[in-house]
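Undergrad: Sequence first, predicted coordinates after that:
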Amino acid sequence: MLKSAFVLIQRDLRLALRHGMDSLMAVVFFVLAVVLFPFGVGPEPDMLTRIAPGVIWVAALLASMLALERLFQTDYEDGSLELLSLAPVPMEAVVLAKVIAHWLTTGLPLIAAAPLLAIFLNMEERGFLALIGALALGTPLLSLIGAVGAALILGSRRGGVLLSLLVLPLFIPVLIFGVAAVDAAAFGFAVRPHLLMLGGLLLGALVLTPWAAAAALRQAVE
Amino acid sequence: MHRFANPSRFVRLSRLFEPWLAGLTVTLLGAGLYLGLFASPPDYQQGESVRIMYVHVPAAWMALFCYTSMAIAAAVGLIWKHPLADLGAKATAPIGACFTFLALLTGSLWGKPMWGTWWVWDARLTSMLVLFFLYLGYMALHNAFDDPARGVRASSILALVGVVNVPIIKFSVDWWYTLHQPASIVRMDGPSIHSSMLWPLGLMMAGFTTYYLWVMLLRIRGEIVANKIRVLRLRQVHG
């Protein structure tokens, strides 16, 4: 089972590589969305310092949601999802493998781009490490929660808009604790409790969401 | 359980219950509103605006009650393929969404004179807002598929995922330090409000519950009739 999951991850990564720019679009969106803010709220450094953690987190959340729509869509359309559902691998493992591949191609680049954006927004230097740590715990969580939504909307009309309606309310806890961690670090408070909370959410989601996503996939290919 | 899966038996039973539930709803809400709006004393701190509570608390309670019933019905529909449970979950969603909206609206109206603001981003209010979006997402997902059976199953799974929010709403006032007051009715040491206010509150809660049951039965019956019409139309088209 572990080997099949590994093969699946490899396949998805290879597909992402061959498509080239496709998976980088989320990062481009992330950067552009953040860059809009200095124009929107004005370029005063103090103001930007204050809102930087929140803006970066909201943009990361939207960017990872944009990429989610394609998580199962292509496999659903070309029929490989049906073959995967017939394979002697539990659907939960398939979901986890797809989520890991998805996180490696979209979540990881987001984390890499975040420090650059933090500089753009004049964020407190003390918050950098917390930002990377919170994103490292938070983006896999977003991918896991999003996988449920992405599996539910397969074959529906107006998939993308529907996905945001389903997934964004469930993203709120991640946003709250992610921003709280970075804010705490930037203003010299304890970061640990917020990161522990994010880690706890991640562990909970790791156990529960593959179930829900697998159930949704099963009813989609039925 | 499958005894009641027969639509014609269900329709017969619900026809029997509906007038009673309707009568009960009118009586309970009438008595509750009279006691709450006229007969109960104003609060020593909040003055007359405490009367908003007689609508706000039952509405918020029903918002959670409806979601829990919807999730249970969705689970029953998924596990035992019970057709009426699916209809029940579908019928509950708009009612629950309305109760959630009512709770948010009355809370906001009460918050302006009491807290000095229409809205604060505290845990209770935010989690109720998430509940409202969950209801909307459920309804949108239900209608998003050309094959209605897919919509039923997908939205049932979403309803079950959303259950995580229910304990968060319930305990949000205990876990976080918020503006919203903690529970004052269901407590270990008994309710902390006076019986002159507890009575209208209890009557309103009972009235809202019977209202929900009444409208839900009505909506399920409507769905069954709509399905019949659809089948008849299809038969007409196909000759």
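TA: Arrived safely.
Undergrad: Show me which residues of chain B sit near chain A.
TA: B:126, B:129-130, B:133-134, B:136-137, B:140-141, B:144-146, B:150, B:153-154, B:157-158, B:160-161, B:164 (CB under 8 Å from any CB of the partner chain). The C-beta positions use only the backbone N, C-alpha and C, and glycine is treated the same way.
Undergrad: Apply the buried test to these and list what passes.
TA: Buried subset of the residues of chain B next to chain A (neighbour count, 16 or more other CB atoms under 10 Å in any protein chain shown): B:126, B:129-130, B:133-134, B:136-137, B:140-141, B:144-145, B:150, B:153-154, B:157-158, B:160-161.
Undergrad: you'd agree B:K170 is up against B:L64?
TA: Yes - when contacts are counted by CB atoms under 8 Å, B:K170 is listed as touching B:L64 (7.0 Å).
Undergrad: Neighbour count for the two, which is higher?
TA: A count of neighbours by other CB atoms under 10 Å in any protein chain shown puts B:L64 above the other of B:K170 and B:L64, at 20 against 15.
Undergrad: where does that one land on pLDDT?
TA: Looking at B:L64, its pLDDT reads 92.
Undergrad: That one contacts B:I168, correct?
TA: No - the pair B:L64 and B:I168 does not pass the contact test of CB under 8 Å, sitting 10.8 Å apart.
Undergrad: ok, A:R126 - how many residues close by?
TA: If you count neighbours by other CB under 10 Å, A:R126 ends up with 14.
Undergrad: Hmm, it is touching A:A186, no?
TA: Yes - using CB under 8 Å, A:R126 makes contact with A:A186 at a distance of 5.7 Å.
Undergrad: Now do the buried residues in stretch B:215-223.
TA: B:V215, B:M216, B:L217, B:R219, B:I220, B:R221, B:E223.
Undergrad: Check which helix or strand residue 30 maps to.
TA: Reading this off chain A. Element membership of A:F30 [criterion: DSSP states H and E] is helix A:25-41.
Undergrad: Actually, chain B is the one I wanted.
TA: helix B:7-34.
Undergrad: before we move on, what about A:P88?
TA: Per DSSP H and E, there is no helix or strand for A:P88.
Undergrad: Please name the nearest non-neighbouring residue to B:P7.
TA: B:I224 (4.9 Å; CB to CB, 6 or more residues apart in numbering or on different chains).
Undergrad: what separates that neighbour from B:A103, distance-wise?
TA: Distance, B:I224 to B:A103, by CB to CB, to the nearest Å: 30 Å.
Undergrad: what's the answer for A:H102, then?
TA: 37 Å.
Undergrad: ok, now A:L32?
TA: Distance of A:L32 to B:A103, given as CB to CB: 38 Å.
Undergrad: Settle it for me: which of these two has more neighbours?
TA: B:A103 (24 against 11).
Undergrad: helix, strand or coil for the more buried one?
TA: helix (DSSP: H, G, I helix; E, B strand; the rest coil).
Undergrad: That one and B:H56 touch, don't they?
TA: Yes - with contact defined as CB under 8 Å, B:A103 and B:H56 form a contacting pair (6.0 Å).
Undergrad: Can you tell me the SS state at B:P41?
TA: Following three-state DSSP, the label given to B:P41 is coil.
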